[in-house]
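Undergrad: Attaching a predicted model along with its sequence, questions to come.
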Amino acid sequence: MNKDFTFTIKKIGLNENYRPSDHTRITTNFANLARGASRQQNLRNTLKMINNSFNALAYWDNPKGERYSVELDIISVYMNIEGSGQTFPSIEVLKTNIVDHQSKERIEGIIGNNFSSYLRDYDFSVVLSEHNNGQREFSIPDSFGDLHGKLFKYFVNSTTYKQHFNKPPVICLSVSDNKIYHRTGNQHPLLGVEYQPNQSSLTEQYFKKMGLQVRYFMPPKSVAPLAFFFFGDLLNDYTNLELISTISTMETFQKIYRPEIYNANAVAGNCYQPNLQNSDHSLTQIVYDKEERSKLAVKQGKFAEEHFIKPYQTVLKQWSANYAL
């Protein structure tokens, strides 16, 4: 059954001239920034923040803090089903590239970073919502996230992935405001202080089905931990510059999207619970429409149901039942 799925990868640079394509999930951080009257200034300011953050962390042999800049590519993955020639926009991630202006090198960064998926919108905004409609207690449907997890693992293990990317992806998300995080004694020079959550979350369980582990680190100069989802060994499989490219990129997006946590004026303590109602924070000079973002998740989940789940229900069920790495 695996031969029924093939992947096509499209790449577009995320710079101040970027405009989202028709297939981009417009709830995605970078796509939301690239809309409206402030779109170009938003993107320009965002990229400047990323570069400043990168140079602050990569401070060795970098006395003026301007040795490096980060270039971002939006990687869109299209799935071809049953050899029909019809494709579905399955996932979208970011790829970092590092420019060393001193050595004149262009260094490959990390694939993953931001993670967008129509099918994840379907699972969280349609399946989960319908399952709990009218229920007294919240519960998770059987096999929740199974198909998405299998498709993601199949893509990462595909020939297409290996032809384009040298290392497994790392995805970096915000911490959850309904968990408590405890600081540990473990500290990494770049990832920073490690935190442990008091309980697992639905997001963790969902990403585990994708084959991903998670660890929480608060990098130097940061005020809150970030969630790093990865395969293998996060601390040893990636170079210093690769890790810094992910930290600087994703913390910048979180400062824009969740300033209450990542642009707070107080640093997370030994026992930390994120608070989205925190008023003691600073705002970036970047316009971001949170309300629109939340409404569009449902719309995009319905899109996945109409154009992917329902038309290919039989073949997806058969493939999932027979799937094995």
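TA: Good, I have the coordinates. Numbers count the residues shown, from 1 in each chain.

Undergrad: tell me the SS of the residue nearest to residue 33 when sequence neighbours are not counted?
TA: In space, and not counting its chain neighbours, residue 33 is closest to residue 42: 4.4 Å by C-beta to C-beta, 6 or more residues apart in numbering. C-beta here means a position set from N, CA and C on the backbone, and glycine is covered the same way. Counting by DSSP: H, G, I helix; E, B strand; the rest coil, the backbone at residue 42 sits in helix.

Undergrad: What pLDDT does the model give residue 46?
TA: Note for residue 46: predicted pLDDT of 91.

Undergrad: Need phi/psi at it.
TA: phi -60, psi -50 (degrees, to the nearest 10).

Undergrad: distance of it from residue 251?
TA: 12 Å (C-beta to C-beta, to the nearest Å).

Undergrad: again, but for residue 12
TA: 23 Å.

Undergrad: Just want to know which of the two has more residues nearby.
TA: Neighbour count, other C-beta atoms under 10 Å: between residue 12 and residue 251, residue 251 has more, with 25 against 15.

Undergrad: OK, contacts around the more buried one?
TA: 53, 219, 222, 226, 262 (C-beta atoms under 8 Å, 6 or more residues apart in numbering).

Undergrad: Any idea how far apart the tips of stretch 230-250 sit?
TA: 15 Å (C-alpha to C-alpha, to the nearest Å).

Undergrad: For residue 253, give me the pLDDT.
TA: 92.

Undergrad: That one is in contact with residue 115, isn't it?
TA: No - using C-beta atoms under 8 Å, residue 253 is not in contact with residue 115; the gap is 11.5 Å.

Undergrad: quick one, which of these two is more surrounded?
TA: residue 253 (25 against 21).

Undergrad: before we move on, what SS does that one have?
TA: Going by three-state DSSP: residue 253 is helix.

Undergrad: what's the answer for residue 250, then?
TA: Looking at residue 250 with three-state DSSP, the answer is helix.

Undergrad: And it, how far from residue 174?
TA: Taking C-beta to C-beta, one finds residue 250 at 9 Å from residue 174.

Undergrad: Okay, now the unreliable bits of the stretch 51-200 of the chain?
TA: Low-confidence segments of the stretch 51-200 of the chain, defined by pLDDT under 70: 82-85.

Undergrad: all helices in it, in order from the N-terminus.
TA: Ranges of helices in the stretch 51-200 of the chain, per DSSP state H, counting those that start in this stretch, are 118-122, 128-132, 146-156, 159-164.

Undergrad: Flag every buried residue along the third one.
TA: Neighbour-count burial for helix 146-156 flags 147-156 (criterion: 16 or more other C-beta atoms under 10 Å).

Undergrad: Pick the one among those closest to residue 97.
TA: residue 156 (19.8 Å; C-beta to C-beta).

Undergrad: Who are the contact partners of that closest one?
TA: Here residue 156 is in contact with 168-169, 211, 231 (C-beta under 8 Å, 6+ apart).

Undergrad: Over to residue 304?
TA: Contacts of residue 304 by C-beta under 8 Å, 6+ apart are 118-119, 121-122, 126.

Undergrad: Just say helix, strand or coil for it.
TA: Residue 304 - assigned by three-state DSSP - is helix.

Undergrad: Surely residue 9 is within a strand?
TA: Yes - according to three-state DSSP, the state of residue 9 is that of a strand.

Undergrad: and it, how many residues sit next to it?
TA: Using other C-beta under 10 Å: residue 9 sits among 14 other residues.

Undergrad: Residue nearest the middle of this structure, spatially speaking?
TA: residue 114 (2.4 Å; C-alpha atoms, centre = their mean).

Undergrad: That one and residue 53, how far apart?
TA: 15 Å.

Undergrad: who touches the nearest residue to residue 11 once chain neighbours are set aside in this structure?
TA: Ranked by C-beta to C-beta, 6+ apart and with sequence neighbours excluded, the top spatial neighbour of residue 11 is residue 73, at 5.0 Å. Applying C-beta under 8 Å, 6+ apart to residue 73 gives the contacts 11-14, 94-95, 97.

Undergrad: I appreciate the help and will end here.
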